[in-house]
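Engineer: A structural model of the following input is requested.
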Amino acid sequence: VEWVARHAAGGPVYVHCALGHSRSATVAAAYLLAAGLAPDAKAALKQLCELRPGVGLNRAQRKVLNAFAGK
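Structural biologist: Presented below is the predicted three-dimensional model:
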């Protein structure tokens, strides 16, 4: 997330994994939280799903994202 934040200051950052549905989405959602672009994990995921409908985090990823969000 820190790496994404540093590079996002200079323009768009492409975050990806093999399918782009869960691992990269977890990092992107965490960035939205850290940057103050989403108030909570649910809102961050909603934003991502609007742009990429196939996003789907598993239970462990949701747990980590909620912990990152401070919940």
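
Engineer: in this protein, which spans are helices?
Structural biologist: 2-8, 23-34, 41-51, 59-68 (DSSP state H).

Engineer: between those, which one is nearest to residue 15?
Structural biologist: Among the helices of the chain, helix 23-34 comes nearest to residue 15, with 4.8 Å by C-beta to C-beta. Glycine gets a C-beta too; all of them are placed from N, C-alpha and C.

Engineer: what ranges of this protein fall below the confidence cut-off?
Structural biologist: Applying pLDDT under 70 to the chain flags no residue at all.

Engineer: list the contacts for the residue nearest the centre of the chain?
Structural biologist: Centrality entry for the chain: nearest residue to the mean C-alpha point is residue 29, 1.5 Å, by C-alpha atoms, centre = their mean. Counting by C-beta atoms under 8 Å, 6 or more residues apart in numbering, residue 29 makes contact with 38, 41, 44-45, 48, 57, 65.

Engineer: hmm, try it at 10 Å
Structural biologist: By C-beta atoms under 10 Å, 6 or more residues apart in numbering, the contact set of residue 29 is 1, 37-38, 41-48, 55, 57, 61-62, 65, 68-69.

Engineer: State the distance from it to residue 6.
Structural biologist: According to C-beta to C-beta, to the nearest Å, residue 29 and residue 6 sit 18 Å apart.
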